[in-house]
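K.L.:
build the 3D model from these lines:
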Amino acid sequence: MASLIKGNASEHATHDDANLLVNEAVGVPAGIGADARARRADAFDRWLGGLLPRRDGVALVAVGGLGRRQCAPYGDLDLVLLHAGAPGMDDLAASLWYPIWDAGLRLDHSVRTVAEALSVAQDDVKVALGLLDARFVAGDLALADTLVRTAADHWRRTAVRRLPALREITTSRWRAHGELAFLLEGDLKEAAGGLRDVGMLRAIAAAGVTDALRPAVRAAHLRLLDTRDALHTQVGRRVDRLVAQERDGVAARLDLTDGDALLRRVAGDARTVSHALDDAWRAADRLRSGRRRGGDVRPTRRPVARDVVEHDGELVLARTAIGARPDASLSLRVAAAAATTGLPIARATCEWLAAYCPPLPSPWPAEARAALVTLLGAGPGLLPAWETCDRYGLVDGWLPEWTRTRSLPQHNPVHRYTLDRHLVQTAYEASRHTREVDRPDLLLLGALLHDIGKGLPGDHSAVGAPLAEAVAARIGLPEPEAALIGTLVRLHLLLPDVATRRDLSDPVTIARVAEQVGDTTTLDLLHALVRADAAATGPAAWSDWKGRLIAELVARVRTALDTGALPAPPAPDPALVAGPLPVVHLTAERVAVAAADRRGLLATVAGCLALHRLEVLAADASTVDGRALVECRVQPRYGLPPDPVALAADLSRAVAGDVSVTQRLRGRALAARGSGAAPRVVWHREAATGAVLLELRAADAAGLLYRVTRALDEAGAQVRAARIATLGGDVVDAFYLVGGWPPDAERARLEAAVLAAV
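P.N.:
Presented below is the predicted three-dimensional model:
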C-alpha cells in the first residue's frame, strides 16, 4: 500500500497534495462532522496497522487528533512507537516512518518504552497532556494499555500541583494569539476559546477537579471541529486561522447564511469554552488553596461592597441580598464590584442574578446609573467582568440593544475586534482619559455607545446618535446630558476626518468644526473619545502624525471657541524665499522645495517622492514673489527612509525640468496602475477659503498623488493644497482647487481627468 501511494505522489507534490493522495489511496474519507472524523480515524488505523509487522512487546500508539479520533481533513499524525526494551527499534521505526513521509503526511513521532514516556511526561506538562489522548492503534494491546492507564493515573495524582505550570503556558499562548471570540481573523486552535483550550478542559476534567466538559462545552467543541474541517476543505490544506476571504466559503460548507453568521457562531462557541476554562482554573485554585489551609478550615468571607461578599476568591451575594424582591440594580452593583476588585463572580451567583434579578425600571435609579459608570471606569477589570455578565445574559437586561452588537464583525481591515468587544474596549481605553475632561461619566458612556449604529443601514454615526440618546435617557440622564451623548456619537469621527483630510490653516475649516462642536466641554470629550476609539480599533488606526494633527486641530478650535479668533494664514518658510533656486530642504518628516514658478510643480515633487518610496501625508503649494513653494509632510512607504543625498539630487533636477527624471516619473506612474474598486470623486462647496474641494476616494497605490496632481494640472486646475488619508487599502485624498465653484461641465471634465488618472 505504501509503495502504491508513493508511486502516485509526484516528486514535486506539496505535503497537502500528498495528503490528498494518501486520503484517496488509503480510502480516508473527506467530509465535515463527527462521523467523517471518525471514519478518517478508522481508515488511518487500518493503514497504520498494516505498516507495523507483528512483533511481541511492540505497540503503535496514536496521540493528538488521531488519538482522540478527531482527524481533520489535513491534520498531522502524532505517533509513539512503544516497546518493552527489545533491540532493533531504529530499523523498525524507519520501516514505519518512511512510508508515512513518502506519502507526504506530516508526522510527529517518538520511540519510547513505557518508563521513558512517563519520565518525559513527568518533566514536560505538554507531554503529560498528550498522553491523556493516547490510544492503541496496532501491536501489543497490553503494552499500550499499560501506558494509557499509568499516564492517566499519574496525571490524576499530580495534576493539582502541575496545573499552575499548565496555566502559565496557556496564558502565554493567549497573549500570542488573542481571544477567538472577539478577533475578526482568529486561530481556531491556538486562540483563547479555541480547540487547544478544550484540551485544557479535558485535562482538568481528567484530574477530577471539576466537571469541566458540560454539555454546552461539548456542543461548542463539536461545532469548532466542524468549522476547522470546513476550513481545511475550503482552502485545500492545513490552516487554522479563519481569514476573511475564506469565511463565506466555509459558511456555505456548514449550511450557514454567510460569513458573518459563521463568525458569530464561532464567537459564541469560543466564549462558551473560555468561560468554562475560567471556571475550571478557579476550581483548581480553590482546591489548591483548600489543601494549603487544611480540609477543616473554612474559607473566610469578606464584604467588598453593599450586598457583595468575597468568598474563597470569588464574589457572591450577601445573605441579606437574597430575598423575595431583589434590588433591580443588584446585578450592576455586583458587576461593578467585580471590575473594581478584579475578582470573578461565582457561577452560582451569575445564575441566580440571571434568574431572579428583576428588570431595571425606566429611567434607571441613580444607584444603577452610578454602578454602570463605576463598571465602565474600572480599567482592566471591566473586560472580564463585562464578559462574565454578558455570558449569563445580564448585559441584555441592562442594554437590550446589545443583542444586535454581539459578535458583529467589522469588515474594515483596521479593526481587530468584533463590534461588542470594540465598544467595551473603547470604554476601557477611555478610562485612561477621565481626568482630562469635565464629565468623565459622559465620556465613558459615549465610548460604550459610540458605534451603536453599526450594522444598521446608513451612516453609523448619524444612525447611532438617536439610539445612544435614547439609551442615555433610559439610563436616567437629564435631557441636556442625553443630548450631549447623542452629539458625541454623531461627531465621534469629526476630529480625525477633518485633521487628516482638511487644511487646518484655513479659517473655514476651523470655523466649521467650532460651529459643530459648540463648546470646549464637548471638544474635550470628543478629543478623549477619538484617542480611546483609535486605541481600541488597532495599531493601524493611529500614528504620531495623526495624533499631532488632531491635537493641532483641537488647539485651534479651542482658541476659536474661547476667543472667536480664527487662524491667520501661515507665513512662508524664510529659508525658501531667499537664496538661489532651486531650494531643497529635507527632514525625516518634511520635504520643502522652492523653484521658479511654473505649472505642474506639485505633481513633479509628488512623483519624485513616490520614486523614493515616500508617502505624502499633506502637501501645500503657494507662490511668493515669483517663487513656487511646495511643502510636504511625508513618511517612508515601507518603513525605511530614502537616501537623502539621492532624494535631494532628484528633486533639484526634477523641479529644474530635467527630462530624465520626468521620464522616470511617467514610466513609474504607468507601471503603478492597477485594478481595484471603482474610484469616486466627491465635491465640497464652501469648504475652504478661496478654493473648492475635490475629494477622491480610491484604492491606495504608489504614485497616486503624482498621477492625480499631474492630471489636474494638465486639465488646467491649480492645486493649492492636498491632504491624504489612508484607510486600510483605500485612500481619501482631498485637493484644494484655487477659484470659485466650477460650472457643471467644468466639474465633469475635471472629474473625468482624475478618474482616468486613477
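K.L.:
ok now the strand or helix carrying Ala280, how far from the chain's centre?
P.N.:
Secondary structure from DSSP states H and E places Ala280 in helix 259-293. The chain centroid and the centroid of helix 259-293 are separated by 21 Å under C-alpha atoms, centre = their mean, to the nearest Å.
K.L.:
helix or strand right after that helix?
P.N.:
strand 301-305.
K.L.:
contacts for that next one?
P.N.:
309-311, 315, 318, 333, 336-337, 341, 343 (C-beta atoms under 8 Å, 6 or more residues apart in numbering). For every residue, glycine as well, the C-beta is placed using N, CA and C.
K.L.:
where does confidence bottom out across these?
P.N.:
Of all these, His311 has the smallest pLDDT value, namely 89.
K.L.:
so what's that one bridging to?
P.N.:
Arg301, Glu314 (DSSP bridges).
K.L.:
that one contacts Ala346, doesn't it?
P.N.:
Yes - using C-beta atoms under 8 Å, His311 makes contact with Ala346 at a distance of 7.3 Å.
K.L.:
compare those two and say which is more crowded by neighbours.
P.N.:
Each of His311 and Ala346 has its neighbours counted (other C-beta atoms under 10 Å); Ala346 has more, 22 against 18.
K.L.:
give me every residue that touches the more buried one.
P.N.:
With the criterion set at C-beta under 8 Å, 6+ apart, Ala346 makes contact with 311, 314-316.
K.L.:
just Asp307 next, same as before
P.N.:
Asp307 neighbours (C-beta under 8 Å, 6+ apart): 317-318, 320-321, 327, 330, 333-334.
K.L.:
how far away is it from Val554?
P.N.:
Asp307 sits at a distance of 43 Å from Val554 (criterion: C-beta to C-beta, to the nearest Å).
K.L.:
so where's the stretch 451-600 of the chain uncertain?
P.N.:
For the stretch 451-600 of the chain, no stretch has pLDDT under 70.
K.L.:
mind listing what's buried along stretch 416-426?
P.N.:
416-426 (16 or more other C-beta atoms under 10 Å).
K.L.:
can I get it in CSV, CA atoms only?
P.N.:
What follows is stretch 416-426, C-alpha atoms only, in CSV (Å, rounded to 0.1, in the frame of the first residue of the first chain):
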residue,chain,number,x,y,z
ARG,A,416,-9.1,43.8,15.1
TYR,A,417,-12.2,43.2,17.3
THR,A,418,-15.9,42.4,16.8
LEU,A,419,-18.2,45.3,17.5
ASP,A,420,-19.3,44.4,21.0
ARG,A,421,-15.7,43.9,22.2
HIS,A,422,-14.7,47.1,20.4
LEU,A,423,-17.3,49.1,22.3
VAL,A,424,-16.2,47.7,25.7
GLN,A,425,-12.5,48.1,24.8
THR,A,426,-13.2,51.7,23.9
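K.L.:
give me the contacts around that stretch.
P.N.:
Under C-beta under 8 Å, 6+ apart, the answer for stretch 416-426 is 178-179, 181-184, 263, 267, 382-383, 386, 390, 402, 405-410, 415, 447-452, 454-455, 529, 532-533, 535-538.
K.L.:
please, a ChimeraX command that selects the buried ones among the contacts of Ala346?
P.N.:
Remark: buried members of the contacts of Ala346, expressed as a ChimeraX selection using 16+ other C-beta under 10 Å:
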select :311,314,315,316
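K.L.:
which members of the contacts of Ala346 are the farthest-apart pair?
P.N.:
His311 and Leu315 (7.7 Å; C-beta to C-beta).
K.L.:
circling back to that earlier point, may I see the contacts of Asp307 arranged in JSON lines, with distance to Ala115 as well?
P.N.:
Converted to JSON lines, these look like this (distance: C-beta to C-beta, whole Å):
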{"residue": "Leu317", "distance to Ala115": "52"}
{"residue": "Ala318", "distance to Ala115": "54"}
{"residue": "Thr320", "distance to Ala115": "59"}
{"residue": "Ala321", "distance to Ala115": "56"}
{"residue": "Asp327", "distance to Ala115": "61"}
{"residue": "Leu330", "distance to Ala115": "57"}
{"residue": "Arg333", "distance to Ala115": "57"}
{"residue": "Val334", "distance to Ala115": "52"}
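K.L.:
so of those, which ones are in strands?
P.N.:
Leu317 (DSSP state E).
K.L.:
among the contacts of Asp307, name the buried ones.
P.N.:
317, 321, 327, 330, 333-334.
K.L.:
for those, which one is nearest Gly130?
P.N.:
Among those, and counting by C-beta to C-beta, the member closest to Gly130 is Val334, at 39.8 Å.
K.L.:
Thr349 versus Ser274, what's the distance?
P.N.:
The separation that Ser274 has from Thr349, given C-beta to C-beta, amounts to 19 Å.
K.L.:
mind checking the end-to-end distance for stretch 410-426?
P.N.:
15 Å (C-alpha to C-alpha, to the nearest Å).
K.L.:
tell me where the stretch 551-700 of the chain has helices.
P.N.:
For the stretch 551-700 of the chain, the helices defined by DSSP state H, counting those that start in this stretch occupy 601-611, 644-655, 659-671.
K.L.:
just the ones you listed: most buried one?
P.N.:
helix 601-611 (a mean of 25; mean count of other C-beta atoms under 10 Å).
K.L.:
and that one, what does it pack onto?
P.N.:
strand 590-596, strand 614-624, strand 627-636, helix 644-655, helix 659-671, helix 704-714 (3 or more C-beta pairs under 8 Å, 6 or more residues apart in numbering; DSSP states H and E).
K.L.:
least reliable of those by average pLDDT, please.
P.N.:
Looking at these, the bottom one is helix 659-671 with a mean of 63.
K.L.:
output the below-cut-off pLDDT ranges for this protein.
P.N.:
Those would be 1-28, 290-299, 659, 661-662, 665-677, 727-728, if you go by pLDDT under 70 across the chain.
K.L.:
domain ranges for it?
P.N.:
2-160, 181-192+208-283, 321-563, 582-757 (automatic domain parsing).
K.L.:
can you give me how far the second one is from the chain middle?
P.N.:
In other words, domain 181-192+208-283. In terms of C-alpha atoms, centre = their mean, the centre of domain 181-192+208-283 is found 16 Å from the chain centre.
K.L.:
end to end, how far does that domain reach?
P.N.:
Termini of domain 181-192+208-283 sit 23 Å apart (C-alpha to C-alpha).
K.L.:
one more: the last one?
P.N.:
Distance between the two ends of domain 582-757: 28 Å, counting by C-alpha to C-alpha.
K.L.:
a markdown table for the domains of the chain, including distance to Arg301?
P.N.:
Converted to a markdown table, those look like this (distance: least, C-beta to C-beta, whole Å):
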| stretch | distance to Arg301 |
| --- | --- |
| domain 2-160 | 24 |
| domain 181-192+208-283 | 17 |
| domain 321-563 | 12 |
| domain 582-757 | 52 |
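K.L.:
nearest to Glu168, of these?
P.N.:
Of all these, domain 2-160 comes closest under C-beta to C-beta, at 9.5 Å.
K.L.:
can you give me the offset of the closest one from its chain's centre?
P.N.:
36 Å.
K.L.:
make 343 the starting number, not 1.
P.N.:
OK, 343 is where the count begins now, so the last one is domain 344-502.
K.L.:
and the gap between the residue nearest to Tyr1048 when sequence neighbours are not counted and Arg675?
P.N.:
Spatial nearest neighbour of Tyr1048, excluding adjacent residues (C-beta to C-beta, 6 or more residues apart in numbering): Gly949 at 3.5 Å. Noted for Gly949: a distance of 63 Å to Arg675, by C-beta to C-beta.
K.L.:
helices of the stretch 443-592 of the chain, start to end?
P.N.:
456-465, 467-473, 483-519, 537-548, 557-577, 586-595.
K.L.:
over to the stretch 743-892 of the chain?
P.N.:
Going by DSSP H, counting those that start in this stretch, the stretch 743-892 of the chain shows helices at 744-747, 761-772, 782-791, 802-817, 821-832, 836-843, 849-859, 862-879, 886-905.
K.L.:
Serialize these to a markdown table and add fields for distance to Pro701.
P.N.:
A markdown table is the format used below for the helices of the stretch 743-892 of the chain (distance: least, C-beta to C-beta, whole Å):
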| stretch | distance to Pro701 |
| --- | --- |
| helix 744-747 | 14 |
| helix 761-772 | 21 |
| helix 782-791 | 19 |
| helix 802-817 | 11 |
| helix 821-832 | 20 |
| helix 836-843 | 36 |
| helix 849-859 | 36 |
| helix 862-879 | 29 |
| helix 886-905 | 40 |
